[in-house]
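> Predicted model, plus sequence, below.
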Amino acid sequence: MDANTETERGMSMGAETGTGTGTEAGGVTSAGTDTGAEPSAGGGPGTARREPPGVAAPTPAGVGEVYDRFARLTPEVSPHADLHYGYWESPEDPATFEEASARLTDLMIEKVVLSPGGHLLDVGCGIGGPAVRLARATGAEVTGITVSREQITLATRLAEHSGLGGRVRFGYADAMALPHPDASFDAAWLLESVIHMPDRARALREIARVVRPGGRVVLTDLCERAPLDGERQDTVDAFFRAAEMSPMVTLDSYPELVRSAGLVLDEVLDITDHVMRRTTQELSRRMREAREQLDATYGDDPAYQLDPARLSDIGELGYVLVTAHRPAE
């Protein structure tokens, strides 16, 4: 993938890296290092952390505009058409950004558990890379939705070029009010898209509605692992404003948030240390390499002027992987 596609992955990246794995149904298991701060208090269903000044709830139109701009940085469809973070096994892991991003997609595929003939709802599908990868790996069908028209065009082209146009389809839809009938899908995932939802609880209730009993719902999100101080809070807020992101929820609020949507929680896994530092540093490097084009195309657009490396040492900013399922009837 070229530097332009890599830059498109997102100007909204986040925090810190290390090693370790773990699972704990119904609770939070940390795979990260100690942030050095006291744990934050959990909120109620969908409760965001304290409202930061200047960070308002995103709108579908605003999010769509952000990702339309990102998509226009992609001159052609790439087989590595991912717009998401990477997963490295350790700080010494030599994997490239492309390899690490594919590894995170594979982790999502493992968690969602689909068989040939199954049907996944991909909420916030990006330009189609994860959907195509899942379809190839499992034989399942995918319906991807996004609020970016440009992403739909690129994702559809990728599916057709991959020979999967009959099984992988993309369209415009708002996750807060899905147009699909009840129990339409065998599973759903939200790969770094729930952070753009103005109301996580409402979005998860909608997704629970359209997933069949027993079907899995898997998501990744940015979260607050511990309270942020003033300067770090200001840094994070600047990125969230530029990328039309919703205020974070605390890491320990996820069990209740999932249950309030009518889902059964299987796992909350903090994978910050596998994801954040390497992602933000790699994005920073690639943005520097593409700086001339970014300046010529987007001028002083704040989303392209912020350096993701500023987030790399903010250990309070976490990355969580959540697995749940709709209870059997």
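Thanks, I have the structure now.

> List the pairing partners of the strand or helix carrying A324 within its sheet, with orientation.
Assigned by DSSP states H and E, A324 belongs to strand 317-325. Next to strand 317-325 in the sheet, as set by DSSP bridges, lie strand 211-224 (antiparallel), strand 264-270 (antiparallel).

> Please convert those to a markdown table, extending it with mean neighbour count and distance to M248.
No exception for glycine: its C-beta is placed from N, CA and C like everyone else's. As requested, the strands paired with strand 317-325 are exported to a markdown table (neighbours: other Cβ atoms under 10 Å; distance: least, Cβ to Cβ, whole Å):
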| stretch | mean neighbour count | distance to M248 |
| --- | --- | --- |
| strand 211-224 | 23 | 5 |
| strand 264-270 | 21 | 13 |
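
> For T279, find the nearest of these.
In terms of Cβ to Cβ, the element of these nearest to T279 is strand 211-224, at 11.3 Å.

> For the helix or strand following the closest one, output the C-alpha coordinates as PDB.
Per DSSP H and E, the first helix or strand lying C-terminal to strand 211-224 is helix 230-242. C-alpha atoms of helix 230-242 as PDB (Å, rounded to 0.1, in the frame of the first residue of the first chain):
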ATOM      1  CA  GLY A 230      -5.400  19.000  31.900                       C
ATOM      2  CA  GLU A 231      -2.600  19.000  29.300                       C
ATOM      3  CA  ARG A 232      -3.200  15.400  28.200                       C
ATOM      4  CA  GLN A 233      -6.900  16.000  28.200                       C
ATOM      5  CA  ASP A 234      -6.400  19.000  25.900                       C
ATOM      6  CA  THR A 235      -4.200  16.900  23.500                       C
ATOM      7  CA  VAL A 236      -6.800  14.100  23.300                       C
ATOM      8  CA  ASP A 237      -9.700  16.600  22.900                       C
ATOM      9  CA  ALA A 238      -8.000  18.200  19.900                       C
ATOM     10  CA  PHE A 239      -7.800  14.900  18.000                       C
ATOM     11  CA  PHE A 240     -11.400  13.900  18.900                       C
ATOM     12  CA  ARG A 241     -12.700  17.300  17.700                       C
ATOM     13  CA  ALA A 242     -10.800  17.000  14.400                       C
END
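
> Having no further points to raise, I will conclude here.
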